[in-house]
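In: Pasting a predicted model and its sequence here:
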Amino acid sequence: MPELPEVEVVRSGVEQHVIGRTVAAVEVLHPRAVRRHVPGAADFTGRLVGTKIMAVRRRGKYLWFDLSDGDAVLAHLGMSGQLLVQPPEVPDERHLRVRVRFADAGPELRFVDQRTFGGLSLAELVEVDGTVVPTTVAHIARDPMDPLFDVAATARRLRSRRTEVKRALLDQTLVSGIGNIYADEALWRVKLHGTRPADRLTAAQARGVLTAAAEVMADALRAGGTSFDALYVNVNGESGYFSRSLDAYGREGEPCRRCGAPLVRESFMNRSSFSCPSCQPKPRALRR
DNA sequence: AGGGCAACCTGGGGGC
DNA sequence: TGCCCCCAGGTTGCCC
């Protein structure tokens, strides 16, 4: 499942293949892929044709293409989305949703998505806090790898949340790019249980978990992006499988790499959380 | 206002 | 073998 590192791998991979190229034709093969583009598929296609791709940018898990007309194509991979650069003669992928052909007749850009949680849309650009982003991304916070990410300020906001720390880490309006996998990894690194109340963390703990998230992401990025879902494939069609195994996520029953205790899996928001029962003790019941 | 949570999807896997 | 149910999970939108 693509989180920030996977999306960055896709961004940097796609960038080399599409910048400076003019869109000649767009084919929407599944309407759900452009459902976020409210004016509809025909509008999406019509406005995209003839524009040139100027840049490929990212914030958190969102990716967008700056266009020569001043707008942008926003892409979100959802849980199974892929952006592939493929020669036109390559047969369509089973779950191909959108195809972008270029005027130079070179490789196409293809959006492939089995579970259809992802999608593309067109948006105007707007400046938010000194950075230009698509209007539909204006509410998304800077991610931990953003050069302008403010650890101290985000830690203060984190400590003001009356919720559990893992919930807060997954809130893209507080800090973006962190999904279920990297949240568990960051919490493991700083020995905090995900149900710890955010407003009971010390300033050092709050800064620590955010810094840990950035470090986990940097490690994953160096390894080419984590993914153990065969659905995730990078821009060249190669699996981004992380050769270095994770410390917490998916390791139920396996020994903690710090203390050896078997990790446990707990249900959380209809999904799974993995943690070390010894290093990351659950908070005692708290009186407020 | 802000937190919590159902709904949106598909395919793989387990149980029977 | 086949059917059914569960599971994975990011974001939105709605409820409280």
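Out: Sure, I can see it.
In: what residues does stretch A:203-213 touch?
Out: With contact meaning Cβ atoms under 8 Å, 6 or more residues apart in numbering, stretch A:203-213 is reached by A:144, A:151-152, A:154-156, A:158-159, A:165, A:169, A:175, A:178, A:182-183, A:185-187, A:189-190, A:192, A:198, A:201. Where C-beta positions appear, they are placed from N, C-alpha and C, glycine not excepted.
In: buried residues in that stretch?
Out: Buried positions in stretch A:203-213, judged by neighbour count with 16 or more other Cβ atoms under 10 Å: A:205-213.
In: what's the neighbour count on the residue of chain A found nearest DNA strand C?
Out: Of all residues in chain A, the one sitting closest to DNA strand C is A:G179 (2.7 Å; Cβ to the nearest atom of the strand). Neighbour count of A:G179, defined by other Cβ atoms under 10 Å: 20.
In: For it, give me its contacts.
Out: Counting by Cβ under 8 Å, 6+ apart, A:G179 makes contact with A:1, A:3-4, A:61, A:170.
In: Scan these and report the most crowded one.
Out: That'd be A:L4 among the contacts of A:G179, by other Cβ under 10 Å, with 29 neighbours.
In: Quick check: the gap between the nearest residue to it once chain neighbours are set aside and A:T22.
Out: Excluding the flanking residues, the one nearest A:L4 by Cβ to Cβ, 6 or more residues apart in numbering is A:G177, at 3.2 Å. A:G177 sits 31 Å away from A:T22, going by Cβ to Cβ, to the nearest Å.
In: what's the following helix or strand after the longest helix seen in chain A?
Out: If you go by DSSP state H, chain A has its longest helix at helix A:203-222. Downstream of helix A:203-222, the first helix or strand assigned by DSSP states H and E is strand A:264-268.
In: residues of that following strand that come out buried?
Out: A:264, A:268.
In: average model confidence for it?
Out: Mean per-residue pLDDT for strand A:264-268: 86.
In: CA atoms only for whatever helix or strand comes next after that strand - export them in PDB, please.
Out: With elements assigned by DSSP H and E, the helix or strand that comes after strand A:264-268 is strand A:271-275. Output in PDB follows, covering the C-alpha atoms of strand A:271-275 (Å, rounded to 0.1, in the frame of the first residue of the first chain):
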ATOM      1  CA  ARG A 271      -7.500  -2.500  10.700                       C
ATOM      2  CA  SER A 272      -4.500  -3.900  12.400                       C
ATOM      3  CA  SER A 273      -1.900  -2.500  14.700                       C
ATOM      4  CA  PHE A 274       1.300  -4.300  15.500                       C
ATOM      5  CA  SER A 275       3.400  -3.500  18.600                       C
END
